[in-house]
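Q: Any chance you could fold what I've pasted below:
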Amino acid sequence: MIESESTAASAALLSPPLSPPLSPPLSSPLSPPLTRSPRKPTLRFMLSHPAHVIALGLGSGLSPRAPGTAGTLWAWLSFLILRPQLNDMEWALLLAVGFVVGIWACTVTARNMAVADPGAIVWDEIIAFWAVLWLVTPAGFWAQVVAFALFRFFDAAKPGPVAWADGLFKVKRGLSIGWKQGFGIIFDDLVAALCALMVIAVWKWL
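A: Numbers count the residues shown, from 1 in each chain. Model prediction:
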């Protein structure tokens with residue numbers, strides 16, 4: 001009896017100590033995990049934060065149908081209003097600032113909606129279509145219609161490079177949304193804008 005107790009005690013001393021259970025990795029404070037259900041965008045939600053106002057295109061993203069098209073139409077209308085007021089240098093500055101501010105606004109809004117790339121976020125369409133119209137100007141009404149149709153086609157259908165850009169920074173539902181996702185929301189629309197501009201360039205060359 002004494003011998004068996006001594007053997008058990010020796011085995012306990014020789015066995016390695018149990019390691020504590022691995023704790024889940026802490027998420028970055030800039031990219032907190034999604035712990036709530038997706039939130040539907042409403043007027044009240046939009047007005048609750050300045051980032052929401054920008055990302056939702058001053059309300060155009062609240063359209064119940066085709067918010068991306070509504071955001072692009074808002075971009076077209078605002079361009080026609082702003083174009084006579086700004087020179088090329090000011091437009092370049094507006095686009096650069098709009099891009100940087102847009103990353104912040106899209107990140108905050110997507111995180112607060114608990115959706116990685118919400119359809120209601122239309123600042124990406126706005127900044128990208130502004131760039132298209134700025135680069136094709138001077139252009140008549142029908143040329144702008146063609147630019148609108150091409151951009152919407154590439155943005156919605158996402159052929160080839162646009163699909164690649166769209167999936168580059170996507171995260172699965174429930175995972176953290178960070179600045180990369182905010183950048184990604186805008187990035188694929190810029191690629192769609194570039195594709196539209198390339199088609200327009202070939203059309204003009206022919």
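
Q: who touches the most centrally placed residue in the chain in this structure?
A: Geometric centre of the chain, nearest residue: residue 185, 1.9 Å, by C-alpha atoms, centre = their mean. Residues in contact with residue 185 (C-beta atoms under 8 Å, 6 or more residues apart in numbering) are 106, 110, 117, 121, 124. Quick note: C-beta positions are derived from backbone N, CA and C, even for glycine.

Q: Which residue lies closest in space to the fourth one, excluding its sequence neighbours?
A: If I follow you right, that is residue 121. Counting by C-beta to C-beta, 6 or more residues apart in numbering, residue 121 lies nearest to residue 55, which is 4.7 Å off, once chain neighbours are set aside.

Q: mind checking pLDDT for the one you found?
A: As predicted, residue 55 sits at a pLDDT of 97.

Q: hmm, back to that, so which of the contacts of residue 185 sit within helices?
A: Using DSSP state H, the members of these that fall in helices are 106, 110, 124.

Q: Confidence-wise, which helix or strand of the chain is lowest on average?
A: Lowest mean confidence among the helices and strands of the chain (mean pLDDT, DSSP states H and E): helix 2-14, at a mean of 46.

Q: At which residues are the helices of this protein located?
A: 2-14, 43-47, 50-55, 67-82, 88-113, 123-136, 141-157, 161-168, 179-205.

Q: Comparing the ones you listed by mean pLDDT, which bottoms out?
A: Looking at the helices of the chain, the lowest mean pLDDT belongs to helix 2-14 (a mean of 46).

Q: Which of the helices of the chain sits closest to residue 37?
A: Closest to residue 37 of those is helix 88-113 (C-beta to C-beta; 10.2 Å).

Q: Which strands and helices lie in contact with the closest one?
A: Counting contacts by 3 or more C-beta pairs under 8 Å, 6 or more residues apart in numbering; DSSP states H and E, helix 88-113 packs against helix 50-55, helix 123-136, helix 179-205.

Q: re earlier: dump the ones in helices among the contacts of residue 185 to a markdown table, plus neighbour count and distance to residue 80.
A: What follows is the ones in helices among the contacts of residue 185, written out as a markdown table (neighbours: other C-beta atoms under 10 Å; distance: C-beta to C-beta, whole Å):
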| residue | neighbour count | distance to residue 80 |
| --- | --- | --- |
| 106 | 29 | 24 |
| 110 | 25 | 29 |
| 124 | 28 | 20 |
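
Q: I'd like these as JSON lines, with distance to residue 71 appended.
A: As requested, the ones in helices among the contacts of residue 185 are exported to JSON lines (distance: C-beta to C-beta, whole Å):
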{"residue": "106", "distance to residue 71": "12"}
{"residue": "110", "distance to residue 71": "15"}
{"residue": "124", "distance to residue 71": "8"}
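
Q: I'd like to know which of those residues is nearest to residue 181.
A: Using C-beta to C-beta, residue 110 comes nearest to residue 181 of the ones in helices among the contacts of residue 185, at 6.2 Å.

Q: The closest residue to that closest one other than its chain neighbours and residue 114: what is the separation?
A: Excluding the flanking residues, the one nearest residue 110 by C-beta to C-beta, 6+ apart is residue 177, at 5.2 Å. As judged by C-beta to C-beta, to the nearest Å, residue 177 and residue 114 stand 8 Å apart.
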